[in-house]
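Q: sequence first, predicted model second:
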Amino acid sequence: MSGKVSAAQRPQFAKMLSQIRDGETLVVTKLDRLGRDAQDIGATIKALAARRIEVIVLQMGKLDLTGAAGKHMLAAVAEMERDLRVERTQSDLARAKAEGKTLGRPTSTTEEQRAWMARQQQAVESISALARTFGISRARVMRVVKPTAIIQ
């Protein structure tokens, strides 16, 4: 399931919410099982608290996540998760670069095509004609031939 889907919209989580009774206790292994981000987790905990369902997160021990201390704990955990996500992303990017992988979107033209476009543009072929020839946007052609090369 995509990380963009809130916890309550996930089929198995929604099924669990429909089966758990008011006043029961919900035990989860990690805080991230309650939602995709701090806002989603907070909404889930509020909904559970409204039903008097106690939440125990084994990773954090038994805490009252509905009180002020719990809200501060959620904010701190959310900030830590953001920092860890950034660190993992940066290390993955560094590893990919070290392995020689090309990052970013693939180019729509080859080096030879770009050189040919620059020569053709200097020979007074229009930007629109070049864009049609290669099936790319005028903006892309403009980036290839560079504004300094355009003489009109």
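A: Sure, I can see it. Numbers count the residues shown, from 1 in each chain.

Q: burial of the closest residue to residue 6 other than its chain neighbours, as a residue count?
A: With sequence-adjacent residues excluded and distances taken as CB to CB, 6 or more residues apart in numbering, residue 6 is closest to residue 40, at 5.0 Å. For glycine as for every other residue, the C-beta is placed from the backbone atoms N, C-alpha and C. Applying other CB atoms under 10 Å, we find 19 residues neighbouring residue 40.

Q: quick one, helices of the protein?
A: Assigned by DSSP state H, the chain shows helices spanning 11-19, 38-50, 68-98, 111-122, 127-134, 138-145.

Q: what about residue 142, neighbour count?
A: Applying other CB under 10 Å, we find 16 residues neighbouring residue 142.

Q: what of residue 43?
A: Per other CB under 10 Å, the neighbour tally for residue 43 reads 15.

Q: so who does it touch?
A: Residue 43 makes contacts with 6, 8, 35, as judged by CB atoms under 8 Å, 6 or more residues apart in numbering.

Q: could I get the helices of the chain in a markdown table, plus columns for distance to residue 27 and mean pLDDT?
A: As requested, the helices of the chain are exported to a markdown table (distance: least, CB to CB, whole Å; pLDDT from 0 to 100):
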| stretch | distance to residue 27 | mean pLDDT |
| --- | --- | --- |
| helix 11-19 | 11 | 90 |
| helix 38-50 | 12 | 84 |
| helix 68-98 | 16 | 83 |
| helix 111-122 | 58 | 81 |
| helix 127-134 | 59 | 85 |
| helix 138-145 | 54 | 84 |
